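> Fold the following, please.
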Amino acid sequence: MKAFVKTERLAELMFRRGWSRRQLAKNAGIGEVTAQQICSGTRNPSPPVAKKLTDAFGVDFSELFELETANRSE
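The predicted structure follows:
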C-alpha cells in the first residue's frame, strides 16, 4: 500500500512555518532533492520518510497523507 502526499496540505504547513523546500529537508532530516520531489508530487515517500515528515510538522499521518485505494489510478 502506498502513501500519497496531500501536496496542498504540505504546501500550507510549509507556508505557515515559513519553510522553503530546503528548510523542510533540514527540519525533517531528508535530502533536498527528496523534499523537492515530494513537494512536487513526483515521488512518494517511503514509510521512514513519511514518519520524518509528520514528526517535523507535528501532525498525524492522515493529515499529511492519503493511502492508495483501489479507485486511485496512477
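> Where do the helices of the protein begin and end?
7-17, 21-28, 32-40, 47-57, 61-64 (DSSP state H).
> how close does Ser20 get to Thr69?
32 Å (CB to CB, to the nearest Å). No exception for glycine: its C-beta is placed from N, CA and C like everyone else's.
> Mind listing what's buried along stretch 16-28?
Neighbour-count burial for stretch 16-28 flags 19, 21, 24-25, 27-28 (criterion: 16 or more other CB atoms under 10 Å).
> got a list of contacts for stretch 54-62?
3, 13, 17, 24, 27-29, 50, 63-65 (CB atoms under 8 Å, 6 or more residues apart in numbering).
> Pull up the distance across that stretch, start to finish.
One end of stretch 54-62 sits 9 Å from the other (CA to CA, to the nearest Å).
> buried ones in it?
Neighbour-count burial for stretch 54-62 flags 54, 56-57 (criterion: 16+ other CB under 10 Å).
> same check, this time on stretch 39-55
Those would be 39, 44-45, 49-50, 52-54, for stretch 39-55 by 16+ other CB under 10 Å.
> low-confidence ranges in this protein?
Across the chain, residues meeting the criterion (pLDDT under 70) sit at 70-74.
> count of neighbours near the residue lying closest to Ser40 once chain neighbours are set aside?
The shortest distance from Ser40 to any non-neighbouring residue, by CB to CB, 6 or more residues apart in numbering, is to Thr7 (7.6 Å). Here the number of neighbours of Thr7 (other CB atoms under 10 Å) works out to 13.
> Would you confirm that Thr7 contacts Asn44?
No: between Thr7 and Asn44 there is no contact under CB atoms under 8 Å: 11.2 Å.
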